[in-house]
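Participant: Mind looking at a prediction? Sequence and model below.
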Amino acid sequence: MQNADNKPMIISKSQYIRGLQCHKYLWLYKHNSELKKFTKESKDLFKKGYEVGDMAKKIFPKGIEIEFDKNNFDGMTQKTKELIDAKTEVIYEATFNNSGLLVMVDILVRNGMKWDLYEVKASTDVKKYHIDDVSFQWYVLSQTIDINKAYVVHVNNKYIRSGELQIDELFCIVDVTDKVIQKQDSITPKLLEMKSMIKGEVPGVDIGPHCSSPNNCEFISHCWQHIPVKNSVFTLSYGKKKRWELYRQGVITLDDIPEGYKLGKRSALQVKYHKSQEIKIDKPKIRNFLSTIKYPINFFDFETFQNTVPRFDNQKPYMQIPFQYSLHILYEDGKLEHKEFLGDENSDPRSVLGDQMLKDITQNGSIVAFNKAFEMGQIKNLALVCPDISHKLLSLNDRFVDLALPFEKKFYYHPKFNGKYSIKVVLPALFPNDDELDYKKLGSIQNGNDAMGIFANLHLLNDKSKLDEIKQDLLAYCRLDTLAMVKIFEKLNKVVGGEL
């Protein structure tokens with residue numbers, strides 16, 4: 001198929017994967033790319049992909065890389081041909097363009113008279129769409145060179161670093177040749193269908209679960225603009241299937257859900273209090289919950305970071321590493337004390353953090369967290385890498401109380417919760433006009449993902465003034481998490497008429 005300028009229509013492997021996910025996705029990418037919106041999560045995934053891709057090259061060192069030039073794919077394909085003709089053993093980003101089908105192979109390795117292709121993924125397993133990705137590469141490459149085997153290289157999340165990084169243990173190499181060959185006959189008709197679709201008007205594809213599977217579409221904000229941000233059926237808690245069932249019946253908002261429509265218990269409660277705009281307060285159950293909390297009360301919160309490629313001993317890929325905590329201690333006489341810890345970005349923070357935490361948390365009294373399973377899980381992980389204090393660390397877990405429980409169990413429910421119960425939802429509903437408790441008033445770090453992503457790369461920052469600013473923002477964010485718990489605890493006491 002030719003474009004108006006008599007050049008073949010280009011379909012790259014990433015565009016092919018988009019087309020398999022949704023024809024409208026591919027059409028918009030081709031015709032209205034200015035509507036794309038990348039989320040921070042998408043950008044982080046790209047960054048991880050580049051990091052893993054560069055690291056995987058060490059499996060086959062001394063290869064020659066084709067320099068990327070988005071304005072000169074012909075030059076990239078010509079350079080690839082020259083390297084192949086010169087019997088180069090390993091080529092990174094080998095580029096092929098056959099009749100407008102464009103692929104760049106992560107790693108291409110000579111195997112006698114044939115070639116093995118390796119597709120590198122930052123995931124920890126082989127996913128279905130990875131097979132489609134490699135199948136498209138095989139389809140294009142086989143028109144030019146002989147392919148022997150196809151592999152997916154993914155991160156081995158069982159690998160634990162000890163000393164120097166072991167590249168051969170960091171990655172798993174999975175032979176997907178048979179699965180790829182089985183898909184070859186289906187590619188031609190799919191491509192013909194995509195090319196015909198691209199020539200026409202925008203496909204009338206409605207929104208659906210495919211919008212985020214297997215990947216988040218960059219055009220979600222465009223295709224979902226008829227869905228209100230608040231109080232749509234997609235805000236229903238614990239009712240994913242019901243959301244789509246209602247939508248397909250033409251029901252878009254919670255107000256539109258017919259009386260008597262069968263919902264789960266928690267979803268039904270959400271709709272009931274949305275429509276009435278009343279606040280549910282079950283005082284006996286809240287009072288019973290509060291009675292389990294003992295003074296002095298340690299309101300505690302961790303922040304963690306992840307590395308795709310482990311930096312430290314006893315670290316796995318994507319393992320959550322606690323680097324910071326905030327602790328507000330509320331005594332029975334009303335005194336409130338704050339303590340905090342922020343690790344050194346240039347070294348493993350875990351052992352120092354564990355020691356300091358044991359000093360800061362009181363010897364008795366409850367330890368309160370919002371979603372205690374997270375904090376307790378991190379303490380268990382800390383105990384594994386801090387054997388000399390493991391017993392003391394693990395004993396802390398016997399004292400935890402989960403402040404999320406009365407909201408999760410709907411002992412206290414506010415219509416502004418929209419069926420959720422995270423601290424970022426509960427806090428503004430309970431304290432709508434309190435700037436001190438407004439995460440949006442903070443600096444560069446306003447949520448856990450911000451803290452995680454920024455600290456993971458903080459060791460690369462050379463600007464000391466910027467470094468100091470970020471550290472202050474990290475401390476302010478984590479401090480607010482535990483101060484928020486104090487305020488929520490006090491609010492629950494007030495609504496049941498308790499004494500603080």
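Facilitator: That came through, no problem.
Participant: If you tally nearby residues, what's the number for Asp463?
Facilitator: 9 (other Cβ atoms under 10 Å). Where C-beta positions appear, they are placed from N, C-alpha and C, glycine not excepted.
Participant: Now do the contacts for Gly112.
Facilitator: The contact partners of Gly112, taken as Cβ atoms under 8 Å, 6 or more residues apart in numbering, are Asn148.
Participant: tell me which element Val352 is part of?
Facilitator: Val352 is part of helix 350-360, with elements assigned from DSSP states H and E.
Participant: Report the mean per-residue pLDDT for that helix.
Facilitator: The average pLDDT for helix 350-360 rounds to 98.
Participant: cool, and stretch 391-399?
Facilitator: Here the average pLDDT along stretch 391-399 is 98.
Participant: list the buried ones in that stretch?
Facilitator: Of all the residues in stretch 391-399, those buried under the rule 16 or more other Cβ atoms under 10 Å are Leu393, Leu396, Arg399.
Participant: Also stretch 255-274?
Facilitator: Neighbour counts over stretch 255-274 (16+ other Cβ under 10 Å) mark Ile257, Leu263, Arg266, Ser267, Leu269, Gln270, Val271, Tyr273, His274 as buried.
Participant: For those residues, work out which two are farthest apart.
Facilitator: Comparing every pair within the buried residues of stretch 255-274 by Cβ to Cβ identifies Ile257 and Arg266 as the most remote, at 14.3 Å.
Participant: Distance-wise, check the closest residue to Ser276 other than its chain neighbours relative to Val425.
Facilitator: Nearest residue to Ser276, sequence neighbours excluded (Cβ to Cβ, 6 or more residues apart in numbering): Pro415, at 7.7 Å. In this view, Pro415 and Val425 are 12 Å apart by Cβ to Cβ, to the nearest Å.
Participant: Just want to know which of these two has more residues nearby.
Facilitator: Neighbour count, other Cβ under 10 Å: between Pro415 and Val425, Pro415 has more, with 20 against 16.
Participant: Which residues are in contact with the more buried one?
Facilitator: Applying Cβ under 8 Å, 6+ apart to Pro415 gives the contacts Tyr273, His274, Ser276, Gln277, Glu278, Ile279.
Participant: host element of the second one?
Facilitator: With elements delineated by DSSP H and E, His274 resides in helix 265-276, which encompasses its position.
Participant: Touching that helix from outside, list them.
Facilitator: The contact list for helix 265-276, computed with Cβ under 8 Å, 6+ apart, reads 231, 235-239, 242, 254-255, 257, 263, 279-280, 410, 413-415, 417-419.
Participant: what mean pLDDT does that helix have?
Facilitator: 91.
Participant: what's the answer for stretch 134-149, then?
Facilitator: 97.
Participant: Just the CA coordinates for that stretch, please, in PDB.
Facilitator: Extracted in PDB, the C-alpha atoms of stretch 134-149 (Å, rounded to 0.1, in the frame of the first residue of the first chain):
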ATOM      1  CA  VAL A 134       8.500 -11.100  18.400                       C
ATOM      2  CA  SER A 135       6.300 -12.800  15.900                       C
ATOM      3  CA  PHE A 136       6.100  -9.500  13.900                       C
ATOM      4  CA  GLN A 137       9.900  -9.200  14.000                       C
ATOM      5  CA  TRP A 138      10.300 -12.800  12.700                       C
ATOM      6  CA  TYR A 139       7.800 -12.100  10.000                       C
ATOM      7  CA  VAL A 140       9.700  -9.000   8.800                       C
ATOM      8  CA  LEU A 141      13.200 -10.400   9.200                       C
ATOM      9  CA  SER A 142      12.500 -13.700   7.500                       C
ATOM     10  CA  GLN A 143      12.000 -11.800   4.300                       C
ATOM     11  CA  THR A 144      15.700 -10.700   4.400                       C
ATOM     12  CA  ILE A 145      17.700 -13.100   6.500                       C
ATOM     13  CA  ASP A 146      17.500 -16.700   7.900                       C
ATOM     14  CA  ILE A 147      16.300 -16.800  11.500                       C
ATOM     15  CA  ASN A 148      17.300 -19.700  13.700                       C
ATOM     16  CA  LYS A 149      15.700 -19.000  17.000                       C
END
